[in-house]
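J.: The following comprises the amino acid sequence and a computationally predicted model.
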Amino acid sequence: MRRLSTQDEGFAASFAGLLDQARETTETVGPQVTAIIDAVRARGDAAVCDYTSRFDRVTMTADRLAVTPAEIAAAKAEIAPALMAALDLAATRIEAFHRAQRPQDLVMTDAAGYRLGMRWSALDAVGLYVPGGKAAYPSSVLMNAIPAKVAGVGRIAICVPAPDGVLNPLVLAAAERAGVTEIYRVGGAQAIAALAYGTATIPPVDRIVGPGNAYVAEAKRQVFGRVGIDGIAGPSEVVVVADAENDPTHVALDLLAQAEHDESSQSILITDDAAFADAVAQAVADALKTLPRAAIAQASWDKHGAILLVADWSEAADLVNRLAPEHLQVMMAEPQGFFAQVRHAGAVFLGRFVPEAVGDYVAGPNHVLPTGRTARFASGLSVFDFIKRTTWVEGDAAALAQVGPAAVRLAETEGLTAHAQSIAIRLDTKNIL
Ligand SMILES: NC(=O)c1ccc[n+]([C@@H]2O[C@H](COP(=O)([O-])OP(=O)(O)OC[C@H]3O[C@@H](n4cnc5c(N)ncnc54)[C@H](O)[C@@H]3O)[C@@H](O)[C@H]2O)c1
Ligand SMILES: N[C@H](CO)Cc1c[nH]c[nH+]1
Ligand SMILES: [Zn+2]
């Protein structure tokens, strides 16, 4: 963990070093991913099964790729009622927040007499990637699938790896609860290739969304254009801005909650009190003695963690905007005042009793968020990822008479005579040409 103060002489250079630190895998997986995509395009299900057998330690055959309704029913039967109730509460809250996002169509009549509009429509088919290599994420099933369902997408297909042939029962239950129409037990680049190009078993989709490891991220980059994709969500991050009135152990656990995701995760505390910074550092060390995923969290904290000491909160806001974190927690008496100064963050949690983990599961907003400083220009997953706009124009000869001559002149200037004539032929052209 690095500890920096804005009052230190070398702060600017040290902070720039923190911003530039590489956290994604440095391994180049592009060529391997290209080979996998090419194989799936050429050999379809057979290639999907070969790669799945190789990477997921199973013997996969085409007839086993799709999860059956009977398997989903059996999985649900294994789940304790209290856990099903927790899943249902999360789904209900996520659904309510995403329903509220649905935009209105736009219609206006302009001075020329044209009716102009913008109509939203849902995508026909989407593919949701749910990671499953190192851990299972039922919560990510809800976060990916519910916005698609709320948007009105017809086909919602999930690809999720089943390492050693094991699928998490709650992943299947979450998929059913969220209204998923198809589930395939395949992960990695071969899943992305199958969703993009289609195989005999997996029909192609129009857009692929969801987080995943380096192979999944690279495959999404390579199939973009054939299909749409959301952003590339990488290792988790949190910045906690906290005053000295907080319990250091609360803050320590918030930092470790993201650190335990991945060795490449990043957790940063920004505070204005040196003694509080010491107390949080000690609380992190204490908590690491007991956490089951301490090895991962320790590696993340050691390599990518930081404590930044500021002279005042406007300095803190400036640092947050430069970090553009995936998650920001603001733990102070008047968090809204601080939040007003924040321009770049994927999701923000305001108050001493809103730990980021509540947003991972039950708050309602999405947990698939921009990472690696991409919150400067990108947003988290939402209903908008599953709908698109079509604009329209309706008008008559009188409206064309108003605006057509200007269009004719512009078309002629561009040397596009057919454009000009297609308008002019509908006008009284005597005074125009
Ligand atoms: N941002 C979010 O919302 C969010 C949510 C959950 C998980 N995540 C992140 O997603 C990532 C999930 O990674 P994961 O590995 O656990 O699961 P994953 O499902 O992304 O990847 C597993 C697949 O990778 C492929 N693979 C593994 N080794 C390979 C190799 N050598 N060559 C080719 N393909 C190979 C296999 O096909 C395997 O099925 C983690 O970084 C996690 O932190 C992010
Ligand atoms: N914090 C992760 C996104 O960065 C999402 C997640 C899933 N489960 C727990 N957390
Ligand atoms: Zn999390």
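T.: Thanks, I have the structure now. Ligands and ions are numbered 1, 2, ... in the order given.
J.: can you count the residues close to the closest residue to ligand 2 within the stretch 51-200 of the chain?
T.: The nearest approach of the stretch 51-200 of the chain to ligand 2 comes at S139, 4.6 Å away (CB to the nearest ligand atom). In this view, the C-beta of every residue, glycine as well, is placed from N, C-alpha and C. Neighbour count of S139, defined by other CB atoms under 10 Å: 20.
J.: now it: how far from A357?
T.: S139 is 10 Å from A357, where distance means CB to CB, to the nearest Å.
J.: repeat for T61
T.: Applying CB to CB to T61 and A357 gives a distance of 39 Å.
J.: neighbour-wise, which of the two wins?
T.: Higher neighbour count among T61 and A357: A357, with 17 against 12, using other CB under 10 Å.
J.: Neighbours of the spatially closest residue to that one that is not a sequence neighbour, how many?
T.: Closest residue in space to A357, ignoring its immediate chain neighbours: A257 at 5.0 Å, by CB to CB, 6 or more residues apart in numbering. Using other CB under 10 Å, A257 has 20 other residues around it.
J.: Verify the stated contact: A257 with Y361.
T.: No: in this structure A257 lies outside contact range of Y361 using CB atoms under 8 Å: 11.1 Å.
J.: which stretches of the protein form strands?
T.: With DSSP state E, the ranges of strands along the chain come out as 2-5, 106-109, 115-122, 125-129, 155-159, 182-184, 207-209, 228-229, 237-242, 266-271, 306-309, 327-331, 347-350, 387-394.
J.: Can you add mean neighbour count and distance to A46 and give the ones you listed back as JSON lines?
T.: Converted to JSON lines, these look like this (neighbours: other CB atoms under 10 Å; distance: least, CB to CB, whole Å):
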{"stretch": "strand 2-5", "mean neighbour count": "16", "distance to A46": "49"}
{"stretch": "strand 106-109", "mean neighbour count": "12", "distance to A46": "48"}
{"stretch": "strand 115-122", "mean neighbour count": "14", "distance to A46": "33"}
{"stretch": "strand 125-129", "mean neighbour count": "27", "distance to A46": "20"}
{"stretch": "strand 155-159", "mean neighbour count": "25", "distance to A46": "17"}
{"stretch": "strand 182-184", "mean neighbour count": "22", "distance to A46": "15"}
{"stretch": "strand 207-209", "mean neighbour count": "24", "distance to A46": "21"}
{"stretch": "strand 228-229", "mean neighbour count": "20", "distance to A46": "25"}
{"stretch": "strand 237-242", "mean neighbour count": "27", "distance to A46": "39"}
{"stretch": "strand 266-271", "mean neighbour count": "27", "distance to A46": "40"}
{"stretch": "strand 306-309", "mean neighbour count": "22", "distance to A46": "48"}
{"stretch": "strand 327-331", "mean neighbour count": "27", "distance to A46": "41"}
{"stretch": "strand 347-350", "mean neighbour count": "21", "distance to A46": "41"}
{"stretch": "strand 387-394", "mean neighbour count": "13", "distance to A46": "34"}
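J.: want to throw these into TSV with mean pLDDT and distance to K220?
T.: Shown next, in TSV, are those (pLDDT from 0 to 100; distance: least, CB to CB, whole Å):
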stretch	mean pLDDT	distance to K220
strand 2-5	95	32
strand 106-109	98	31
strand 115-122	98	21
strand 125-129	97	8
strand 155-159	97	12
strand 182-184	97	16
strand 207-209	97	6
strand 228-229	96	5
strand 237-242	98	19
strand 266-271	98	22
strand 306-309	97	29
strand 327-331	98	22
strand 347-350	98	21
strand 387-394	98	18
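J.: Need those in a markdown table (columns: distance to ligand 1).
T.: Converted to a markdown table, these look like this (distance: least, CB to the nearest ligand atom, whole Å):
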| stretch | distance to ligand 1 |
| --- | --- |
| strand 2-5 | 22 |
| strand 106-109 | 31 |
| strand 115-122 | 22 |
| strand 125-129 | 7 |
| strand 155-159 | 9 |
| strand 182-184 | 12 |
| strand 207-209 | 11 |
| strand 228-229 | 14 |
| strand 237-242 | 9 |
| strand 266-271 | 12 |
| strand 306-309 | 19 |
| strand 327-331 | 10 |
| strand 347-350 | 10 |
| strand 387-394 | 21 |
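J.: pLDDT (mean, whole number) over the longest helix along the chain?
T.: Longest among the helix segments of the chain by residue count, using DSSP state H, is helix 81-99. Across helix 81-99, pLDDT averages out at 98.
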